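S.K.: got a predicted structure here, sequence first:
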Amino acid sequence: MNKFATWFGRVVWIGIAVNLALAVPVLFTPAQVLALFSMPAATPAMWPSFAALLLILLSLFYIPAALNPMYYRSVAWLAVLARLTGVAFFCFFNSAYYVMGLLDLTFFVPEAILLTLALRDPAAATSYSGNHRKPQFIAVAVLLVLLIAGVTYVEFFREVPPPQFTSNEAHFLYGSIGTESTSGVPYWLWLALPRVFPDLLPRPGGYESLGIIWQEGHELPVGFSKQTIGIERIGINCAFCHTATYRLTPGSKPVIVPAGPSHTTSPQDYLRFLFACASDPRFTAGTIMPEIARNYRLSWLDRLVYRFVLIPFTKLTLLNQQSAQNQYSFMKTLPRWGYGRIDPFNPVKYRVLNQPVDGTIGNSDMVPVWNLKQHAGYSLHWDGLNNNLQDVVLTSAIGDGTPVEWVDRDWKKSETESSLKRIRTYMSEVQPPKFPFPIDATLAAKGKSVYDKECALCHAIGGARTGKVEPLDNPNLQTDRHRIDMWTQAAAQAYNDYAAGHTWKFNNFVKQIGYVNVPLEGLWLRGPYLHNGSVPTLTDLLEVPANRPRIFYRGYDVLDSQRVGFVSSGPDAERVGFKYDTSVAGNGNYGHLWGTMLTAAEKRALVEYMKAL
């Protein structure tokens, strides 16, 4: 064969190896591979596996062209045509999977050029029957392909069970809910990012500068889990948004309260930090690998994988999440969430339910998840979009990035072995902490009578309207409606249909026009107040809206023991906090007029009593 034919065969062999290295893992773990390349999940998962099987069979038909394109000309042209078809299909007709089209384009261009040049050789006109490859060559090629596929599986898809925790509390704080497989960040890369990009953080302190909580003596922050899937990966869990901290004085150590609302954490700023890192020209193996080497010596194979695969693909994945319409690009034009807040359902609408991007604002205060056994039958979430705790646990995990295949496996396990069932049990039983300052018993007793008269109907466990949705047109409610408008009837129906074909089903998602009358356990630790966290203290909430603070700072964890909430003004609060402006869309502090007409003495007594809730 001439040199062009020889090189054509080599390119085809490389293409076969790449196809098999990709297809073999997809055959067994389709969701993880699609997530690695930031491609949308396919339902049911059988179809990606079937496509992988077809790709394996197609690759086998390329072998004659790789061995001798001059003799098997028709097969060689078919191999080129197959690549061109892949480019057209994935780049123009199914652009969500454009990465596959780029892969085919990478091989189509050199194959087409080399085969054309090879056949222009005058000797190509002569029929060719000579020198077939020896069987040993084929055996070596097959072994090489199997070796590549095996290394791919070991380095990217081999699952090691995550650490098990004896207590449900520890499991809630650090246990895996399966997010590592689809949205996890390689551990050593994740650890190096704050050291490589300290200038992209709001202040010194690494991830803690984003309000992320770190317990002494623990490898990971609260709300993060680690699992080996090929390599060690970091994911998030429920505690990321549902763990509170507080301090009694500026100089005291933070007290960590699992299942409380994460008043200091900023999930959006965490995402934005990752996106900013990926957009930075310093996000290269040449910059990041030396920082990793300062902390840990990777094996030679892991060094190759990090340098040539994990770092580039993590960069690609983050940039895609930042810019893709069905990912997080919607955040660019909407008000910032800030510390202690999240837009929990717009990402679900776009990423999971494939709903159109509609520009709605869902910014909401973090909620506590304690004592939920007593909330059985109550409407859940701020707008009461579901009243079933199982649905809420499962969909919260899915919203965080847990693949449905992982949920299928986990939900079949026993109460003590299933990660999500353990979390459900913990949230059902854990109790809120007691107010850490002295309470004036005499004044609180007077406040109880006010509470029983003015508040208990809607907020006491067992109250006639507790846990029910209060219509927004109630003259005493009238709070900011952006959160309600965000959740649509179409989204509710799509989530009810989402679990079709699974052993777990969703039948309880609804569209409401109002906000839930929530039980008030641990109220002292739940500031700022209202569904969007727009009122800093209970004392402010009992004022008419015109007298409530228009601008304050949230995210500072020192308690305001008198007004009840957190310190929200002054140099320290301004230094570490997020400036909350109630004039911004979705941040309105109006409405909830109950209690605003009480006398000053009644308000003081009521606040004193609510410290004890």
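M.R.: Good, I have the coordinates.
S.K.: check this protein for its longest helix and report it.
M.R.: Longest helix in the chain, counting residues (DSSP state H): helix 3-28.
S.K.: buried set for that helix?
M.R.: 4-5, 7-9, 11-13, 15-27 (16 or more other C-beta atoms under 10 Å). Using the backbone N, CA and C atoms, a C-beta is placed for each residue, glycine as well.
S.K.: ditto for stretch 94-105
M.R.: Buried residues in stretch 94-105 (16+ other C-beta under 10 Å): Y97, Y98, V99, M100, G101, L103, D104, L105.
S.K.: show me the contacts for the closest residue to E169 other than its chain neighbours.
M.R.: Among residues not flanking E169 along the chain, P258 sits closest, at 5.6 Å (C-beta to C-beta, 6 or more residues apart in numbering). Contacts for P258 (C-beta atoms under 8 Å, 6 or more residues apart in numbering) come out as E169, F172, L173, V222, A239, H242, T243, V430.
S.K.: widest-spaced pair of those?
M.R.: V222 and V430 (14.5 Å; C-beta to C-beta).
S.K.: burial of P69, as a residue count?
M.R.: For P69, the count of nearby residues is 29 (other C-beta atoms under 10 Å).
S.K.: that one touches T6, doesn't it?
M.R.: No. P69 is not in contact with T6 according to C-beta atoms under 8 Å; the separation is 9.0 Å.
S.K.: follow-up on the earlier one: which of the contacts of P258 are buried?
M.R.: Listed as buried from the contacts of P258 are F172, L173, V222, A239, H242, T243, V430; burial here means 16+ other C-beta under 10 Å.
S.K.: what are the phi and psi values for the last one?
M.R.: With angles defined as degrees, to the nearest 10, V430 sits at phi -60, psi 140.
S.K.: what sits against it?
M.R.: E169, P258, A259, W370, N371.
S.K.: do you know the pLDDT at the fourth one?
M.R.: Spelled out, that is W370. The confidence metric pLDDT takes the value 97 at W370.
S.K.: OK, contacts around it?
M.R.: Counting by C-beta under 8 Å, 6+ apart, W370 makes contact with A259, G260, M427, V430, Q431, P432, E521, G522.
S.K.: recalculate using a threshold of 7 Å.
M.R.: Listed by C-beta atoms under 7 Å, 6 or more residues apart in numbering, the contact set of W370 reads A259, M427, V430, Q431, P432, E521, G522.
S.K.: how about JSON lines for the contacts of P258, with pLDDT, secondary structure and distance to V535 added?
M.R.: Listed next are these as JSON lines, based on pLDDT from 0 to 100; DSSP: H, G, I helix; E, B strand; the rest coil; distance: C-beta to C-beta, whole Å:
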{"residue": "E169", "pLDDT": "97", "secondary structure": "helix", "distance to V535": "31"}
{"residue": "F172", "pLDDT": "97", "secondary structure": "helix", "distance to V535": "29"}
{"residue": "L173", "pLDDT": "97", "secondary structure": "helix", "distance to V535": "29"}
{"residue": "V222", "pLDDT": "97", "secondary structure": "coil", "distance to V535": "26"}
{"residue": "A239", "pLDDT": "97", "secondary structure": "helix", "distance to V535": "26"}
{"residue": "H242", "pLDDT": "97", "secondary structure": "coil", "distance to V535": "21"}
{"residue": "T243", "pLDDT": "97", "secondary structure": "strand", "distance to V535": "22"}
{"residue": "V430", "pLDDT": "97", "secondary structure": "coil", "distance to V535": "26"}
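S.K.: for the closest residue to G588 other than its chain neighbours, phi and psi?
M.R.: Once flanking residues are discounted, G588 sits nearest to D480: 3.6 Å by C-beta to C-beta, 6+ apart. For D480, the backbone dihedrals (degrees, to the nearest 10) come out as phi -50, psi 130.
S.K.: what does S364 give?
M.R.: When read as degrees, to the nearest 10, the backbone of S364 gives phi -140, psi 150.
S.K.: cool, G595 as well?
M.R.: The phi and psi values for G595, taken as degrees, to the nearest 10, are phi 90, psi -10.
S.K.: return the distance of it relative to G565.
M.R.: Distance of G595 to G565, given as C-beta to C-beta, to the nearest Å: 15 Å.
S.K.: more neighbours: those two, which one.
M.R.: Using other C-beta under 10 Å, the more surrounded residue of G595 and G565 is G565, with 26 against 19.
S.K.: domains in this structure, as residue ranges please.
M.R.: For the chain, the domain assignment from automatic domain parsing gives the residue ranges 3-157, 162-240+267-336, 345-613.
S.K.: tell me which of those sits nearest to T249.
M.R.: domain 345-613 (6.8 Å).
S.K.: how far does that closest one sit from its chain's centre?
M.R.: Relative to its parent chain, domain 345-613 has a centroid offset of 20 Å by C-alpha atoms, centre = their mean, to the nearest Å.
S.K.: before we move on, what about stretch 3-20?
M.R.: On C-alpha atoms, centre = their mean, the centre of stretch 3-20 falls 39 Å from the chain's centre.
S.K.: for it, what is the average pLDDT?
M.R.: pLDDT averaged over stretch 3-20 gives 89.
S.K.: can you check stretch 188-203 too?
M.R.: Stretch 188-203 comes out at a mean pLDDT of 96.
S.K.: buried stuff in that stretch?
M.R.: Neighbour-count burial for stretch 188-203, with 16+ other C-beta under 10 Å as criterion, is recorded at W188, L189, W190, L191, A192, L193, P194, V196, F197, L200, L201.
S.K.: please enumerate residues in contact with that stretch?
M.R.: For stretch 188-203, the surrounding residues in contact (C-beta under 7 Å, 6+ apart) are 204, 206-207, 209, 234, 269, 273, 276-277, 280, 282, 287-288, 291-292, 295-296, 298, 310-311, 314.
S.K.: and those, which of them are buried?
M.R.: By 16+ other C-beta under 10 Å, the contacts of stretch 188-203 give 207, 209, 234, 269, 273, 276-277, 288, 291-292, 298, 310-311, 314 as buried.
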